[in-house]
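[1] Make a model of this:
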Amino acid sequence: MKYYKILILLGFIAVSYSYADEEAAKHRVTNITMSGKSLKAFPTVICNVGNLRELHLGSNSIEIIPPCLSKHSITLTNLDLSGNSIKILPKMVGKLQALSVLDLRQNALGTLPDEIGELIYLESLYLSHNPIKTFPMSMSKLIYLEHLDLSSTQIEIIPDFLPYLVSLKTLDLTGNSGLSNAERELIRKILPGVEIRF
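    The predicted structure follows:
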């Protein structure tokens, strides 16, 4: 019963289950939202939820993403870690291959691991307000990516992976004063038909 007492205490689920239904109940929890809860650490008990599809932990003070999150590699489709204090995105993120939405806005990321290119089914990637200057070429594998937010990062040169994003519909580059007018025009030529914001 301890496992479910912890979940209820943290507010992950609004209903309680009898001890006899514990295993079945564990797989009924598919969406966890704990945004703005003043969390200082990632609640690793989340890793024990069996069928997690959406995880929203925005607007907390989380610094580290634990390796156990990879347990949700075939179920997790939406991961929101925006508004935290994450400095390093672990290589483990590449194992979350079911992700379609990854929100990392307003963190402290200076770089991204090459493994981010393994998220081949990603459709929306939000990286705004992170001190990122360069991006791994592995992002060229994100052929299903439709929405990319790189606003208020520290981009100074055109990312090499952009021409390979064949499904891209919107690209937000606002707040990147380091991009010259010539580079902005070149981006428009590289990505015809894409809605680009500078």
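[2] By residue count, tell me the biggest helix in this structure.
    The residue-count maximum for a helix in the chain (DSSP state H) belongs to helix 181-190.
[3] Any buried residues in that helix, and which?
    Neighbour counts over helix 181-190 (16 or more other Cβ atoms under 10 Å) mark 183, 187 as buried. All C-beta atoms are positioned from the backbone trio N, CA, C, and that covers glycine.
[4] what sits up against it?
    Helix 181-190 is contacted by residues 157-158, 162-163, 171, 173, 179, 196, 198 when judged by Cβ atoms under 8 Å, 6 or more residues apart in numbering.
[5] Can you tell me which of the residues you listed end up in strands?
    Counting by DSSP state E, the contacts of helix 181-190 place 171, 196 in strands.
[6] Buried members of the contacts of helix 181-190 into ChimeraX, please.
    In ChimeraX, this line selects whichever of these come out buried by 16+ other Cβ under 10 Å:
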select :158,162,171,173,179,196,198
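[7] okay, the residue most central in space within the chain: pLDDT?
    When Cα atoms, centre = their mean is applied to the chain, the residue found nearest the centroid is L102 (2.5 Å). At L102, the model reports a pLDDT of 98.
[8] which secondary structure elements does the helix or strand where it lies contact?
    Per DSSP states H and E, L102 falls inside strand 101-103. The helices and strands touching strand 101-103, judged by 3 or more Cβ pairs under 8 Å, 6 or more residues apart in numbering; DSSP states H and E, are strand 78-80, strand 124-126.
[9] So what touches the last one?
    With Cβ under 8 Å, 6+ apart as the test, strand 124-126 has contacts from 82, 100-105, 142, 145-149.
[10] From L168, how far off is H129?
    H129 sits 21 Å away from L168, going by Cβ to Cβ, to the nearest Å.
[11] before we move on, the earlier item: so which of the helices and strands packed on strand 101-103 is nearest K91?
    strand 78-80 (15.4 Å; Cβ to Cβ).
[12] residues making contact with the closest one?
    Contacts with strand 78-80, where a contact means Cβ under 8 Å, 6+ apart, come from 35, 53-58, 96, 99-103.
[13] Can you add distance to I65 and give these back as CSV?
    CSV is the format used below for these (distance: Cβ to Cβ, whole Å):
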residue, distance to I65
S35, 16
R53, 18
E54, 16
L55, 11
H56, 14
L57, 10
G58, 13
L96, 10
L99, 13
S100, 18
V101, 16
L102, 11
D103, 13
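[14] which among these end up buried?
    For those, buried by 16+ other Cβ under 10 Å: 55-58, 96, 99-103.
[15] Distance of E195 relative to S128?
    Counting by Cβ to Cβ - E195 and S128 are separated by 16 Å.
[16] Of the two, give the one with the bigger neighbour count.
    S128 (21 against 11; other Cβ atoms under 10 Å).
[17] re the thing from before, for the buried ones among the contacts of strand 78-80, could you give me CSV that also reports distance to E185?
    CSV is the format used below for the buried ones among the contacts of strand 78-80 (distance: Cβ to Cβ, whole Å):
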residue, distance to E185
L55, 39
H56, 38
L57, 39
G58, 35
L96, 36
L99, 33
S100, 32
V101, 30
L102, 29
D103, 30
